[in-house]
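Peer 1: predicted model, plus sequence, below.
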Amino acid sequence: MTSNDHAAAQGEALLRSYASAVEDAHADLTRMDRLAGDGDFGDNLRAGMRLVVRRLDAGAGTAALQTAADVFLDEVGGTSGPLFGLLFSELARAAAAQPDPTSAWREGLAAGLSAIQRVGEAEPGDRTLVDALAPAVDALAGGTLADAATAAVDGARATASLRARRGRASYVGDRGAGVMDPGAVAVAVLLLVAARELEPGAAGQLIGPDALTAG
Amino acid sequence: MSAPFHPDEDGALVASATAGFARAHARHVELVEDPLHLLARRRDPRRRVGLVSGGGSGHEPLHAGFLGVGMLDAVAPGQVFASPHNRQVYAASRAAAGPDGVVHVVKNYTGDRINFAIAAERLRLDGIEVRRVLVDDDVATDSEETATGRRGTAATVVVEKLLGAAADRGAGLEELAGLGQAVAAASRSLAVASRAQTAGAGGGPAFELAADELEYGVGIHGERAATTIPRPPRTELLRRMLDDLLAALPPSRDGDGGVLLVVNGLGGTTSLELYSLFDEVTALLGAAGAPVHGSLVGTYVAALDMAGFSLTLTRLEPGWSELWQAPADTPSLTRLPVDDPEVTP
């Protein structure tokens, strides 16, 4: 197996694990989005990941992350879906250029955050997925994926006390208070899955992906 | 108000109207059905940058009516009052890109901003340079309290005309982006309505307005104004609108204070009324020291069938009048060359 084949297999395994985690989290993501958004976030994310899995089943495994990028950019509705597509795009680019998975995620996650912030014009503290992604990028700069996942989980939990200023949740003012932002939660779940898949030795110190949404 | 003549099938209106538009204007326009976008068939060979716009449907002839030489190269229409998907913008931009890249003309609405920006990221990954010109001319939404800023409305036509003329002279990417932003910054609009647009296929007005009331500062998607006012005599109404516009308009940097004027129907107002309004507005502007050097009168940026009109003023800078008068050949806006033998005696 070449290092490229190995990276492709890792990408496929990671996306299948994420799809499974999104199935488990769907009801909780929908509940969070109903309180502060229009309630379609869980549906859009699940539909996107189901389509990714169908394409992987059909043999798209050699470029798994690019497949996820294409699906989320082209096929998923709402605003958050295409933002995940940009993140997958940058992760795919970094994985193609960089054989070490932690290094690839370090580059891809940082580039994905930049692209998402250029598009969404959101800053940390605006109660968006940036609140999980930005601390993960910071933690990964000098650490491991497990560190990034921990930072993303903390960031997602902190959105429960933030008031939305961007995105559709901004129209309801304080109504979302006390509930986490579902986009931030979905990013944290992605990081938890990535740490487990790519750094198996560190998995023991992390919470399971379902512990975040069921809480 | 009666129910509109929509297709019986849900969601078929934009698809069939777009197909019909391309059929009716086959000399100017080519239709791509998936992802939905329209392309100009001809462009000036000097053009180095593709001009791309788009947005929700219901504002026709914006944007597809301005496809062609002297204006836009591609447009991405969304569903009624809904942003196009990023992949429509992406496909339209790839098809229209010039050797120097693409300029996106975007009206300031959150959905349009995000979908054009996602498309721009994808284009950059493909090595295509993109600059955005954001149009935000509506003084009714000029408040420091909101982070979303002023809405983009009828000044979009002015931006698209001036940018198209500059692009046909071979202007580069940065020059066009700078010009577009300067034109947008020098433009302000204000809209009033006496009757809301028809809501969906059901037939009723989207909001109620009494016969003696006006919605002052209405949006082009039927967004209600901050204030509903008792309907004033027409001259009083026009003076108030022009006072608000001139107060909001940035002072001229180098020009003589002259303006471009667009008297725009919102979909349910007759040409007869619009020309009558234009006649009086031009006189009022002349008296106010803002002579009208160029104009457009008609329904160019509609809000479905709303009864009402908007006034747009663009404070002219040197060179802009020439761009406004430059030739254009599109379904909804035509300018012959000024030395055309057919019009010169």
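Peer 2: Right, received. Where do you want to start?
Peer 1: neighbours of the spatially closest residue to residue B:254 that is not a sequence neighbour, how many?
Peer 2: Nearest in space to residue B:254, with sequence neighbours left out and distances taken as C-beta to C-beta, 6 or more residues apart in numbering or on different chains, is residue B:318 at 5.3 Å. Just so you know, the C-beta spots here come from the backbone N, C-alpha and C atoms, and that holds for glycine as well. The local packing of residue B:318 (other C-beta atoms under 10 Å in any protein chain shown) involves 11 other residues.
Peer 1: which residue packs closest to the residue nearest the centre of chain A, ignoring adjacent ones?
Peer 2: Nearest residue to the geometric centre of chain A (C-alpha atoms, centre = their mean): residue A:187, 2.9 Å. Counting by C-beta to C-beta, 6+ apart, residue A:187 lies nearest to residue A:132, which is 4.1 Å off, once chain neighbours are set aside.
Peer 1: now do the buried residues in stretch B:87-99.
Peer 2: By 16 or more other C-beta atoms under 10 Å in any protein chain shown, the buried positions in stretch B:87-99 come out as B:87-98.
Peer 1: return the distance of that stretch from the chain's centre.
Peer 2: 20 Å (C-alpha atoms, centre = their mean, to the nearest Å).
Peer 1: tell me which other helices or strands the helix or strand hosting the residue nearest to residue A:187 touches.
Peer 2: For residue A:132, the element it lies in under DSSP states H and E is helix A:130-141. In this structure, helix A:130-141 packs against helix A:101-120, helix A:145-158, helix A:182-198, with contacts taken as 3 or more C-beta pairs under 8 Å, 6 or more residues apart in numbering or on different chains; DSSP states H and E.
Peer 1: where's whatever residue of the stretch 151-300 of chain B ends up closest to chain A, which helix or strand?
Peer 2: Nearest to chain A, among the residues of the stretch 151-300 of chain B, is residue B:223, at 13.0 Å (C-beta to the nearest C-beta). Here residue B:223, judged by DSSP H and E, is contained in no helix and no strand.
Peer 1: for it, grab the count of nearby residues.
Peer 2: 19.
Peer 1: what's the nearest residue to residue B:131 if we skip its chain neighbours?
Peer 2: Spatial nearest neighbour of residue B:131, excluding adjacent residues (C-beta to C-beta, 6+ apart): residue B:177 at 3.6 Å.
Peer 1: what confidence value was assigned to that neighbour?
Peer 2: You'll see residue B:177 listed with a pLDDT of 98.
Peer 1: burial measure for the residue in chain A that chain B sits nearest to, as a count.
Peer 2: Closest approach of chain A to chain B (C-beta to the nearest C-beta) occurs at residue A:119, with a separation of 4.0 Å. Residues lying near residue A:119 (other C-beta under 10 Å) number 22.
Peer 1: then residue B:337?
Peer 2: So residue B:337, with other C-beta under 10 Å, has 12 neighbours.
Peer 1: returning to that earlier point: could the buried residues of stretch B:87-99 be laid out in CSV, adding distance to residue A:67, pLDDT and secondary structure?
Peer 2: Below are the buried residues of stretch B:87-99 laid out as CSV (distance: C-beta to C-beta, whole Å; pLDDT from 0 to 100; DSSP: H, G, I helix; E, B strand; the rest coil):
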residue, distance to residue A:67, pLDDT, secondary structure
B:87, 15, 95, helix
B:88, 21, 97, helix
B:89, 22, 98, helix
B:90, 17, 97, helix
B:91, 19, 98, helix
B:92, 24, 98, helix
B:93, 23, 98, helix
B:94, 20, 98, helix
B:95, 24, 98, helix
B:96, 27, 98, helix
B:97, 25, 98, coil
B:98, 31, 97, strand
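Peer 1: ok, those residues vs chain A, which is closest?
Peer 2: Of all the buried residues of stretch B:87-99, residue B:87 has the smallest distance to chain A: 4.8 Å, by C-beta to the nearest C-beta.
Peer 1: residues contacting the closest one?
Peer 2: Residues in contact with residue B:87 (C-beta atoms under 8 Å, 6 or more residues apart in numbering or on different chains) are A:73-74, B:35, B:119.
Peer 1: turn those into a markdown table, including pLDDT, neighbour count and distance to residue B:252.
Peer 2: Listed next are the contacts of residue B:87 as a markdown table, based on pLDDT from 0 to 100; neighbours: other C-beta atoms under 10 Å in any protein chain shown; distance: C-beta to C-beta, whole Å:
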| residue | pLDDT | neighbour count | distance to residue B:252 |
| --- | --- | --- | --- |
| A:73 | 94 | 25 | 43 |
| A:74 | 92 | 18 | 45 |
| B:35 | 96 | 16 | 42 |
| B:119 | 96 | 30 | 35 |
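Peer 1: TSV please, covering the residues you listed and showing secondary structure.
Peer 2: Shown next, in TSV, are those (DSSP: H, G, I helix; E, B strand; the rest coil):
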residue	secondary structure
A:73	helix
A:74	helix
B:35	coil
B:119	helix
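Peer 1: hang on, the earlier thing: any idea which of the helices and strands packed on helix A:130-141 is most buried?
Peer 2: The highest mean neighbour count among the helices and strands packed on helix A:130-141, using mean count of other C-beta atoms under 10 Å in any protein chain shown, belongs to helix A:182-198: a mean of 27.
Peer 1: give me the helices and strands touching that helix, please.
Peer 2: The helices and strands touching helix A:182-198, judged by 3+ C-beta pairs under 8 Å, 6+ apart, are helix A:3-36, helix A:41-57, helix A:80-97, helix A:101-120, helix A:130-141, helix A:145-158, helix A:209-213.
Peer 1: tell me which element the closest residue to chain A within chain B falls in.
Peer 2: The nearest approach of chain B to chain A comes at residue B:117, 4.0 Å away (C-beta to the nearest C-beta). Here residue B:117, judged by DSSP H and E, is contained in helix B:110-125.
Peer 1: any buried residues in that helix, and which?
Peer 2: Buried-residue list, helix B:110-125, by 16+ other C-beta under 10 Å: B:110-123.
Peer 1: can you check stretch B:41-59 too?
Peer 2: In stretch B:41-59, counting by 16+ other C-beta under 10 Å, buried: B:43, B:47-59.
Peer 1: ok, back up a step: wait, which of the buried residues of stretch B:87-99 is closest to residue B:155?
Peer 2: Distance ranking of the buried residues of stretch B:87-99 against residue B:155, using C-beta to C-beta, places residue B:89 first at 20.4 Å.
Peer 1: report how many residues lie close to the closest residue in space to residue B:111 that isn't next to it in sequence.
Peer 2: Closest residue in space to residue B:111, ignoring its immediate chain neighbours: residue B:83 at 3.3 Å, by C-beta to C-beta, 6+ apart. Using other C-beta under 10 Å, residue B:83 has 24 neighbouring residues.
Peer 1: contacting residues around residue B:83?
Peer 2: Each residue near residue B:83 by C-beta under 8 Å, 6+ apart is listed here: B:55-56, B:109, B:111-112, B:114-115.
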